[in-house]
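J.: got a structure for you, letters missing:
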């Protein structure tokens, strides 16, 4: 019932100026770094611009931070090594998709100027709700001390400090704003908050929030070293 109003497909954009690949496999880091060395083959092999290399490292850092968050906050109610256990992080990350010109820029060897990431809120909400129903539907599995990231985020709905804002948000007539400002679903705010609170990025991001478009922009405004590249300005 908490997701009854989210039946239509709703897309959110996070304009991060950071690249997050659509695929998140064990070789992710190696693949990104290899791509940033050169593009093409033989006589047509060319160097990738420094700006694109930096964007790739930034994307690698973003992917690592988000996966780390879910891996460290695995639901302890799941059976270790089960399908649900193995899919816990990837179900979320696989629904973050690159859009815009970055794939073209990488293939052409031109500079990446910004990176757009979009995600399917409807699909993420289904994943979230299915997990809550399966593992947290009974009172004995609803402890506030459960470290499950899915469960802990849902509890924000009942946090006394959020009640007033949530009640006000439920009266919002603009559905995009309503979804964007909700404190308990996997929306743009959730992912950006994870990045903003990570020790490597905390206090080093400039955030721009545009609720009416479901849009957030992040820019690294201080030195952040990753894979031997300074990501400032990404």
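T.: Nice, I can see it. Quick caveat: nothing in here was measured; it's all calculated off a predicted structure.
J.: Which parts of this protein are helices?
T.: Shown for the chain, the helices assigned by DSSP state H span residues 28-35, 50-72, 83-87, 90-93, 102-108, 121-135, 149-154, 160-170, 175-181, 188-197.
J.: Residue 115 is nearest to which of those helices?
T.: Closest approach to residue 115 among the helices of the chain is made by helix 102-108 (5.1 Å; Cβ to Cβ). For the C-beta atoms, the positions are set from N, CA and C on the backbone; glycine is no exception.
J.: thinking again about what came up before, can I get the helices of the chain in a markdown table including mean pLDDT?
T.: Listed next are the helices of the chain as a markdown table, based on pLDDT from 0 to 100:
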| stretch | mean pLDDT |
| --- | --- |
| helix 28-35 | 38 |
| helix 50-72 | 89 |
| helix 83-87 | 95 |
| helix 90-93 | 92 |
| helix 102-108 | 77 |
| helix 121-135 | 95 |
| helix 149-154 | 96 |
| helix 160-170 | 88 |
| helix 175-181 | 92 |
| helix 188-197 | 94 |
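J.: Need these in CSV (columns: distance to residue 225).
T.: As requested, these are exported to CSV (distance: least, Cβ to Cβ, whole Å):
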stretch, distance to residue 225
helix 28-35, 15
helix 50-72, 9
helix 83-87, 32
helix 90-93, 24
helix 102-108, 22
helix 121-135, 31
helix 149-154, 27
helix 160-170, 35
helix 175-181, 32
helix 188-197, 16
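J.: closest one to residue 206 among these?
T.: Closest among the helices of the chain, using Cβ to Cβ: helix 188-197, at 10.3 Å.
J.: chain center to that closest one, what's the gap?
T.: 7 Å (Cα atoms, centre = their mean, to the nearest Å).
J.: How about residues contacting it?
T.: With Cβ atoms under 8 Å, 6 or more residues apart in numbering as the test, helix 188-197 has contacts from 12-14, 62, 65-66, 69, 96, 119, 153, 180-181, 183, 201-202, 205, 207, 209, 214-216, 218.
J.: before we move on, the earlier item: looking at the helices of the chain, which is closest to residue 226?
T.: helix 50-72 (4.7 Å).
J.: Tell me which residue is most central in this protein.
T.: residue 191 (4.3 Å; Cα atoms, centre = their mean).
J.: could you check the distance from that residue over to residue 104?
T.: Distance check for residue 191 against residue 104: by Cβ to Cβ, to the nearest Å, it reads 24 Å.
J.: And residue 157, by the same measure?
T.: Distance from residue 157 to residue 104, by Cβ to Cβ: 40 Å.
J.: ok so, going back, which PyMOL command selects the buried ones in the contacts of helix 188-197?
T.: The following PyMOL line selects those of the contacts of helix 188-197 that are buried, judged by 16 or more other Cβ atoms under 10 Å:
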select buried, resi 12+13+14+62+65+66+69+96+119+153+180+181+183+201+205+214+215+216+218
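J.: State the mean pLDDT of stretch 200-209.
T.: For stretch 200-209, the mean per-residue pLDDT is 95.
J.: now that stretch: how far from the chain's centre is it?
T.: For stretch 200-209, the distance to the chain centre is 14 Å (Cα atoms, centre = their mean).
J.: for stretch 58-75, same thing?
T.: The answer for stretch 58-75 is 9 Å, by Cα atoms, centre = their mean.
J.: follow-up on the earlier one: just tell me which of the helices of the chain ends up closest to residue 233.
T.: Closest of these to residue 233 is helix 50-72, at 8.1 Å (criterion: Cβ to Cβ).
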